[in-house]
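J.: fold the following.
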Amino acid sequence: MSALPAKAEEAPACDELLVAGNSEYPPFLWRDPAEPDRVIGAVPAVLEELFAELGIRIQVRHVGPWSRTLESARTGRIDLVAGAFLTDERQQYLDYVVPSLAPIPTVVWMPRDEAFDYRQWSDLKGRTGATLFGNSFGQAFDAYAEANLRIEGVRSIEQAFKMALMGRVDYVLYEALQGRVKLASKGELEDFQSSGLFVSVENLYIAFSKRSRCNTPELREAFADALVRMRGEGRVQEYIADFTQRYINNGTKP
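T.: Just a heads-up that it's a prediction; the model follows:
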């Protein structure tokens with residue numbers, strides 16, 4: 001027991017984390033209209049509460065599009081990814097924390113006037129879709145899409161929805177809640193129809209960069225314990241519901 005304080009003193013102190021995520025992901029994360037380099041939403045709120053309990057400050061920043069966020073985690077330029085689906089490729093440079101934040105269903109978003117019947121992945125064959133660069137919808141679907149589907153990567157989900165309305169793509173692959181919130185905030189929800197069946201349902205995790213000096217088994221365990229307690233109290237869902245309404249009401253206004 002007496003050796004523990006000495007070891008702790010030898011390790012570099014970790015009192016602040018640089019955090020980034022998908023900044024186009026309301027109600028979980030989006031850029032603060034009043035301070036565009038800052039990211040707000042349900043996930044930052046959860047993280048701020050949990051890390052405050054652990055005595056660690058966090059900065060949740062916009063570092064670029066989602067693909068750049070993942071690259072920043074891979075190279076260690078950020079400490080923590082605020083929400084990511086689990087894939088084998090990402091596990092090479094991320095340490096995921098269990099439990100997850102929440103299950104996230106993905107749907108097919110179609111212009112209402114050009115909607116088609118979606119029942120299974122093969123119904124997307126012969127059509128062109130759009131989604132964000134770097135998005136994953138589960139390893140099974142990703143592999144199927146790579147071999148069978150034509151899906152264009154774009155830098156913002158607004159661009160993808162605009163392309164669909166212009167007839168440049170037939171559908172947008174995006175999460176059910178996030179798509180509804182994004183479209184509702186812009187008054188465009190009635191222009192689209194989502195598939196009744198999910199493309200996939202993936203769990204959203206918090207993940208540490210393997211190159212972060214703050215990434216220790218002890219910190220991951222303490223964070224996981226706090227998240228288990230917070231989920232059990234219903235606090236995570238409360239934050240999601242709260243920020244869903246906030247974004248729909250005024251998320252894109254200064």
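J.: mean confidence for stretch 215-232?
T.: Throughout stretch 215-232, pLDDT has a mean value of 97.
J.: any weak-confidence spans in this structure?
T.: Judged by pLDDT under 70, the chain has its weakly predicted residues at 1-13, 251-254.
J.: how does it divide up, domain by domain?
T.: Under the assignment named as automatic domain parsing, the residue ranges that make up the domains of the chain are 10-103+203-250, 104-201.
J.: want to throw those into a markdown table with mean neighbour count?
T.: Heads up, the C-betas are built off the backbone N, CA and C, glycines and all. Formatted as a markdown table, these follow (neighbours: other Cβ atoms under 10 Å):
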| stretch | mean neighbour count |
| --- | --- |
| domain 10-103+203-250 | 18 |
| domain 104-201 | 18 |
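J.: so the closest residue to residue 24 other than its chain neighbours versus residue 132, what's the distance?
T.: If the residues on either side of it in the chain are set aside, residue 24 comes closest to residue 157, at 5.2 Å by Cβ to Cβ, 6 or more residues apart in numbering. Counting by Cβ to Cβ, to the nearest Å, the gap between residue 157 and residue 132 amounts to 6 Å.
J.: overlap of the contact sets of these two?
T.: Residues within reach of residue 157 and of residue 132 at once, by Cβ atoms under 8 Å, 6 or more residues apart in numbering, are 24, 174.
J.: output the strand or helix carrying residue 96 as CSV, nothing but the C-alphas.
T.: In the assignment (DSSP states H and E), residue 96 maps to strand 94-111. Coordinates of the C-alpha atoms in strand 94-111 are reproduced here as CSV (Å, rounded to 0.1, in the frame of the first residue of the first chain):
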residue,chain,number,x,y,z
LEU,A,94,-9.0,3.6,-29.4
ASP,A,95,-9.7,2.0,-25.9
TYR,A,96,-13.5,1.9,-25.6
VAL,A,97,-15.2,2.3,-22.3
VAL,A,98,-18.0,-0.1,-21.3
PRO,A,99,-20.9,0.4,-20.9
SER,A,100,-22.0,2.4,-23.9
LEU,A,101,-23.9,5.7,-23.7
ALA,A,102,-26.9,4.5,-25.7
PRO,A,103,-28.0,2.3,-28.6
ILE,A,104,-28.3,4.2,-31.8
PRO,A,105,-30.5,3.0,-34.7
THR,A,106,-29.7,4.1,-38.2
VAL,A,107,-32.4,4.5,-40.9
VAL,A,108,-32.7,5.3,-44.6
TRP,A,109,-33.8,8.9,-45.1
MET,A,110,-35.6,9.5,-48.4
PRO,A,111,-37.2,12.6,-50.0
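J.: torsion angles phi and psi at residue 125?
T.: In this entry, residue 125 is assigned phi and psi values of phi -60, psi 140 (degrees, to the nearest 10).
J.: surely it and residue 148 touch.
T.: Yes - when contacts are counted by Cβ atoms under 8 Å, residue 125 is listed as touching residue 148 (6.0 Å).
J.: all strands of this structure, in order?
T.: Listed in chain order, the strands of the chain (DSSP state E) span 16-20, 24-25, 29-32, 35-40, 57-60, 80-84, 94-111, 128-132, 150-154, 171-175, 192-194, 200-209.
J.: dump these to a markdown table, plus distance to residue 233.
T.: A markdown table is the format used below for those (distance: least, Cβ to Cβ, whole Å):
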| stretch | distance to residue 233 |
| --- | --- |
| strand 16-20 | 22 |
| strand 24-25 | 24 |
| strand 29-32 | 22 |
| strand 35-40 | 22 |
| strand 57-60 | 21 |
| strand 80-84 | 20 |
| strand 94-111 | 13 |
| strand 128-132 | 32 |
| strand 150-154 | 38 |
| strand 171-175 | 24 |
| strand 192-194 | 31 |
| strand 200-209 | 17 |
